[in-house]
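Enquirer: got a structure for you, letters missing:
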């Protein structure tokens, strides 16, 4: 069964304290992995798409990496405005997208 | 702003009623996806339409239905509403390029449905 597991469920960081969020997946033939940021009561905001193991993408303080079994979202020197829920999703193609339940990140000033 | 619009933003109704949620995709996007997000739950895929035709179904209840119109906007109809249907409903759209290219979905702001 296709499945996405994100850890930790919640994370509290001090401003400037770098960390990583994990997304482990089981899917029959990964075609793409996506990271989104979601603020409370809002729609998910697209961050990155990764297609193959070894691929990396960066945007400001965020860097996403992909292996054959998991993806990491590295947050370098986070700021309070980075507080949000970060969602990971995978697709094996076939118009099917499976989302994880997210990591709730809180960055304290 | 993703370019995907959803109306209404909030909807409060009673059990047993029927409601319609509307979504307009980004300009140029042919695919529309509907998701349900309950409190502390992940995004649950409901249904996908491509250029007016149903493409894929997820865990969509029989009481729910959807359609995509010629102008590509989509509507999600929820009937015989129950308390448990209270949730955020999101629409997403993508280009749906040909050749097996994997699309990125862009999400709308959502409709918050409260069933009393």
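Expert: That came in fine, so what should we check first? Not measured: the values here are computed from a predicted model.
Enquirer: And the strands in the chain?
Expert: By default, I'm working from chain A. Remark: strands of chain A, listed N- to C-terminal, are A:3-7, A:10-14, A:19-26, A:32-38, A:45-50, A:56-59, A:62-66, A:70-75, A:84-91, A:98-99, A:103-108; assignment by DSSP state E.
Enquirer: Correction: the question concerned chain B.
Expert: Using DSSP E, strands in chain B cover B:5-7, B:10-13, B:19-24, B:31-37, B:44-50, B:53-57, B:64-68, B:74-78, B:87-94, B:106-107, B:111-115.
Enquirer: Direction included, what does the fifth one pair up with?
Expert: This points to strand B:44-50. Strand pairing for strand B:44-50, determined by DSSP bridges: strand B:31-37 (antiparallel), strand B:53-57 (antiparallel).
Enquirer: Ok, the longest one next?
Expert: In its sheet, strand B:87-94 lies beside strand B:31-37 (antiparallel), strand B:106-107 (antiparallel), strand B:111-115 (antiparallel), with partners assigned from DSSP bridges.
Enquirer: Take the strands of chain B and lay them out in TSV including mean neighbour count and mean pLDDT.
Expert: (Each C-beta comes from the backbone N, C-alpha and C, glycine too.) As requested, the strands of chain B are arranged in TSV below (neighbours: other Cβ atoms under 10 Å in any protein chain shown; pLDDT from 0 to 100):
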stretch	mean neighbour count	mean pLDDT
strand B:5-7	16	97
strand B:10-13	14	97
strand B:19-24	19	98
strand B:31-37	25	94
strand B:44-50	21	92
strand B:53-57	13	89
strand B:64-68	19	97
strand B:74-78	20	98
strand B:87-94	25	95
strand B:106-107	22	94
strand B:111-115	18	97
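Enquirer: Is it possible to get JSON lines of the strands of chain A that adds distance to chain B?
Expert: Written out in JSON lines, the entries for the strands of chain A read as follows (distance: least, Cβ to the nearest Cβ, whole Å):
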{"stretch": "strand A:3-7", "distance to chain B": "8"}
{"stretch": "strand A:10-14", "distance to chain B": "11"}
{"stretch": "strand A:19-26", "distance to chain B": "12"}
{"stretch": "strand A:32-38", "distance to chain B": "4"}
{"stretch": "strand A:45-50", "distance to chain B": "5"}
{"stretch": "strand A:56-59", "distance to chain B": "12"}
{"stretch": "strand A:62-66", "distance to chain B": "13"}
{"stretch": "strand A:70-75", "distance to chain B": "15"}
{"stretch": "strand A:84-91", "distance to chain B": "6"}
{"stretch": "strand A:98-99", "distance to chain B": "4"}
{"stretch": "strand A:103-108", "distance to chain B": "10"}
